[in-house]
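*Asks:* coords please:
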Amino acid sequence: MREHALVLEGLGARVSRVRRPADLGEIDGLVLPGGESSVIDKLSRAFGLQLPIREQIAKGLPVLGTCAGLILLADRMRDGIPGQESFGGLDVTVRRNAFGRQAESFEGELDVVSLGPPSIRAAFIRGPVVDEVGPRAHVLAALPDGRVVGVEQDALMGLSFHPEITGETRFHERFLARAAAA
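*Replies:* Residues are numbered from 1 along each chain as shown. A predicted model of the protein is given here:
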């Protein structure tokens, strides 16, 4: 989360950490970072955040989810651990750890038409891939082989990769514009 906070603060945003349900009432947007999606899921339930986050997503809270954050935004998940849940909101099916183990992590160039040139440098670290995109969501980014690695739906944006690591700010700028308009 620290890397996201640095990017957002560098773009002029005030960053707050959400630790309790009451914190959700004080934010204009939420970043769901990378990490272990099953752990984030368990912690959100343990701290009483799962239902409030789901409610805020349903009300239109802008959310940027990267890597594990994409998994948490997906309505459907493949390869989750038993009992794993998501917050939902994105009409997609994701597959966890689609790029393999940590040793198979990689960086690559992506063209993102809606962001315009230049292409972006994307870091994939044990990331998910979007196997199915439902009619309410649309593809934001795909690898040259066609695997979908970025999706949007209303105020939600989910990315398989980590723009906060490679210095790419346009996704965060897009997120902040949505938060400002909300």
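
*Asks:* low-confidence ranges, the chain, go.
*Replies:* Confidence mapping of the chain against pLDDT under 70 gives the ranges 103.

*Asks:* try 90
*Replies:* In the predicted model of the chain, residues 1, 79-80, 97-108, 111, 113-117, 125-127, 182 satisfy pLDDT under 90.

*Asks:* longest helix in it, by residue count?
*Replies:* helix 170-181 (DSSP state H).

*Asks:* what residues does it touch?
*Replies:* 4, 7-8, 11-13, 28-29, 31, 62, 64, 112, 115, 120, 155, 157, 159, 163-164 (Cβ atoms under 8 Å, 6 or more residues apart in numbering). Any C-beta I mention is one placed from the backbone N, CA and C, and that applies to glycine too.

*Asks:* which residue ranges of the protein form helices?
*Replies:* 2-10, 37-46, 50-58, 68-73, 163-166, 170-181.

*Asks:* residue 93: neighbouring residues, count only.
*Replies:* 16 (other Cβ atoms under 10 Å).

*Asks:* next, the contact list for it, please.
*Replies:* So residue 93 contacts 74, 75, 76, 77, 78, 130, 131, 132, 134 (Cβ under 8 Å, 6+ apart).

*Asks:* equivalent analysis for residue 121, please.
*Replies:* 107, 108, 109, 166, 167, 168.
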